[in-house]
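*Asks:* Below: sequence and its predicted model.
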Amino acid sequence: MTALVRAGIKFDNYETGWRLAKAIVAANMQPKSFGTGQQATCACFVAMQAGAEIGLSPMQSIQNIAVINGKPGIFGPAALALVESSGKLADLDERVEGTGDARAAVVTIQRKERRVREFRFSVADAKRAGLWGKTGPWTQYPERMLIARARGFALRDVFPDVLLGCAHTIEELTEGSVESVEQLPTSIVQQAQAAPSTQALTGGLDDFINTTASEETAPAPVEEKGEELL
């Protein structure tokens, strides 16, 4: 049974999710990187599925999840929100130590009933990764990006059960070159390998797909381009 709840629409079948993805695209509320038409519908549907697996609502999912070179990623603030809402976080502290090129972000984090752990990401680390001085956030907000990297390592190492399949943050997968799904180039967002087809679907969804067949065609599988970012 479909319900509209505080966290958004809760759907229990494929058809409802597909209809919601189409509604989002029809309202032009999908991130630009998701493309248009059926490509955007598929991208929204996949993002909603990935988000549902870790506890995000549909709209939270499409704004905070993208698949880059075959890897699902989540933006750092969303990952932190999931960890904080899990009830498993005992303490978190973030700071930047040192000055100039000796700066390093230090994140101390503790999971309930576990020891305190410390994670660092320094200017030297950023230089080795080819990040320091890059146009964009690394130039505009360098200390914020240092903290984001250290926090990303901390969250995925200490709370892998909370983040599950979205263990990498988008900041890592894109080397910190974007701050929102909206900014992601369409070329690096993985399309669904094939759009839903009437052969794979049954009941009402068959009828729904058939009624829109004249305006949509299934995209061919897309071959990934470029090297892995991590």
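*Replies:* Arrived safely, thanks for sending. Numbers count the residues shown, from 1 in each chain.
*Asks:* check contacts around the residue nearest the centre of the chain.
*Replies:* Nearest to the mean C-alpha position of the chain, counting by Cα atoms, centre = their mean, stands Ile65 at 2.2 Å. Residues near Ile65 by Cβ atoms under 8 Å, 6 or more residues apart in numbering: 47, 50-51, 56, 72-75, 78, 166, 181. From N, CA and C alone the C-beta is placed, and that goes for glycine too.
*Asks:* any idea which of the residues you listed is closest to Leu131?
*Replies:* Looking at the contacts of Ile65 and their distance to Leu131, the nearest is Gly73, at 16.2 Å (Cβ to Cβ).
*Asks:* Do I have it right that that closest one meets Thr169?
*Replies:* Yes - under the contact definition of Cβ atoms under 8 Å, Gly73 touches Thr169, with a separation of 6.0 Å.
*Asks:* how about the strands of this protein, start to end?
*Replies:* 3-5, 8-10, 65-68, 71-74, 89-97, 104-111, 116-122, 168-169 (DSSP state E).
*Asks:* Determine which of those shows the lowest mean per-residue pLDDT.
*Replies:* Lowest mean pLDDT within the strands of the chain: strand 3-5, at a mean of 53.
*Asks:* Please list all residues in contact with the closest residue to Ser61 other than its chain neighbours.
*Replies:* Spatial nearest neighbour of Ser61, chain neighbours left out: Gly51 (2.6 Å); criterion: Cβ to Cβ, 6 or more residues apart in numbering. Residues touching Gly51, when contacts are defined by Cβ under 8 Å, 6+ apart, comprise 57-58, 60-62, 64-65.
*Asks:* quick one on the thing from earlier: where's the residue nearest to the centre of the chain relative to Phe34, distance?
*Replies:* Relative to Phe34, Ile65 is positioned 11 Å away (criterion: Cβ to Cβ, to the nearest Å).
*Asks:* cool, Gln49 as well?
*Replies:* Relative to Phe34, Gln49 is positioned 14 Å away (criterion: Cβ to Cβ).
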